[in-house]
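Colleague: 3D, please:
(chains A and B)
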Number of protein chains: 2
Amino acid sequence: MIFAKGAQATANFTGAAWVNLLVPDANGTYNCQAYDVLFEAGARNDWHSHPGGQLLFATDGKGYYQEKGKPALLLQKGDVVQILPDVVHWHGAAPDSDFTHLGVSPNIQKGSTVWIAPVTDEEYQRATGGIQ
Amino acid sequence: MIFAKGAQATANFTGAAWVNLLVPDANGTYNCQAYDVLFEAGARNDWHSHPGGQLLFATDGKGYYQEKGKPALLLQKGDVVQILPDVVHWHGAAPDSDFTHLGVSPNIQKGSTVWIAPVTDEEYQRATGGIQ
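Modeller: Next up is the predicted model:
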């Protein structure tokens, strides 16, 4: 682990995940928040989008990133994901591995994360290879 | 190492450093660039500032961050530095250890890095404990 384990997420996730808000940017100096997220195997966040886009930097374990209507992408240490504004997506751990990424939300002056709906077990299993 | 070693920096550094521009943001979608920098022991960038501020995330080794007129801070894996806009500073490796950080430059629409002058050997040695 690079960053300390944060607080367990209590909303907008399925399964256990811990979020360490490294740069809260409470006064908007950077227009940018940064956070470390550790997902337990099988855990993922809900379908969501960001008005200002999002950047993910995979640092440990094995995870997935999926945009609505597309196949999921496997993420491993060193992978970087650039998520365009308003693109509906989720990210999380693989079924058999924990996963850690650093996340950056730029342009937060454009608005907060839009949470949509949980990634169902069936959606998750299809995305990660559990259902062909 | 988490990210692939980038290209060796050819300007604005003393000593060997490699920069991997992970998010170039060429079309300004994110107003934010991200890059991994590996500094060889003793290497550091020049005194500089950022109109939009900068965020550093130490991921490996031992390094230093110094703001003009202040003591240098030791940086180790997991340390995060939030650098306010226009604050003159440098960062780099310790004399006896390589150092790697992820860097994020938010608000790049506010302008490019302002490079000022090299960190002299004497400044570096004073900052990192070589000269008391």
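
Colleague: Can you list the low-confidence ranges for chain A?
Modeller: A:130-132 (pLDDT under 70).

Colleague: can you list the residues of it near chain B?
Modeller: Residues of chain A lying close to chain B (CB under 8 Å from any CB of the partner chain) are A:1-4, A:22-23, A:29-32, A:34, A:52-53, A:55, A:57, A:59, A:77-78, A:80, A:82, A:84-85, A:102, A:104, A:106-107. In this view, the C-beta of every residue, glycine as well, is placed from N, C-alpha and C.

Colleague: what is the spatially most central residue of chain A paired to in the beta sheet?
Modeller: In chain A, the centroid-proximal residue (CA atoms, centre = their mean) is A:H91; its distance is 4.0 Å. Beta-bridge pairing of A:H91 under DSSP bridges involves A:Y65.

Colleague: thought it was touching A:Y64?
Modeller: Yes. Contact criterion CB atoms under 8 Å: A:H91 and A:Y64 qualify, at 6.8 Å.

Colleague: returning to what we had before: and the residue nearest to the centre of chain A, what does it touch?
Modeller: A:39, A:44-45, A:56, A:63-66, A:75, A:81, A:101 (CB atoms under 8 Å, 6 or more residues apart in numbering or on different chains).

Colleague: Please tell me how far it sits from chain B.
Modeller: To chain B, A:H91 is 16 Å away according to CB to the nearest CB, to the nearest Å.

Colleague: Kindly report the same for A:L75.
Modeller: 12 Å.

Colleague: Also A:G92?
Modeller: Distance from A:G92 to chain B, counting by CB to the nearest CB: 19 Å.

Colleague: count of residues packed around that residue?
Modeller: Other residues lying near A:G92 total 30 when counted by other CB atoms under 10 Å in any protein chain shown.

Colleague: Could you do the one 3 residues further on as well?
Modeller: If you count neighbours by other CB under 10 Å, A:P95 ends up with 15.
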